[in-house]
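> Structure for the following, please:
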Amino acid sequence: MTPRTLTQDQFENEARAAFGDNPMRWAFICPGCGDVATPADFKEVAGPAGMAGQECIGRYTTGRGCTWVAYGLISGPWKVTAPVTGGASEVVIDAFPLAVNAEVKP
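Modelled structure (predicted):
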């Protein structure tokens, strides 16, 4: 998967264009196993919805996915720069790519 660096605004604009305004429907593809998951999928298996895009859903369920994380020894492949509230600096968040051409459950 091709590494990319995006601003938070660029990332959110791409996600909205691909999946709509509801972030629970934004789909991410795991670079380790290719599983596609949304925050809603994480919620269904009692995983933290906020980790979609940074952890494979296989960390929270069996029979699906793997244990890959974006912030592990091999990070990314995407990096999203986000502003820090109240400051002029920014933080870099390692992330999975958006699964733009993947089928997402209704």
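
> which residues does the residue lying closest to A52 once chain neighbours are set aside contact?
Computed as CB to CB, 6 or more residues apart in numbering, the closest residue to A52 that is not its neighbour in sequence is P39, at 4.2 Å. Quick note: C-beta positions are derived from backbone N, CA and C, even for glycine. P39 is in contact with P23, M24, R25, W26, A49, G50, A52, G53, counting by CB atoms under 8 Å, 6 or more residues apart in numbering.

> any idea how far W26 is from the nearest residue to the third one once chain neighbours are set aside?
Counting by CB to CB, 6+ apart, R25 lies nearest to F19, which is 4.9 Å off, once chain neighbours are set aside. Distance, F19 to W26, using CB to CB, to the nearest Å: 5 Å.

> So the two - more neighbours on which side?
W26 (23 against 18; other CB atoms under 10 Å).

> how about the strands in the chain?
In the chain, the strands defined using DSSP state E lie at 4-7, 28-29, 36-37, 78-83, 90-95.

> Select, out of these, the one closest to R59.
strand 36-37 (10.5 Å; CB to CB).

> Now do that closest one, average pLDDT.
Averaged over strand 36-37, pLDDT sits at 96.
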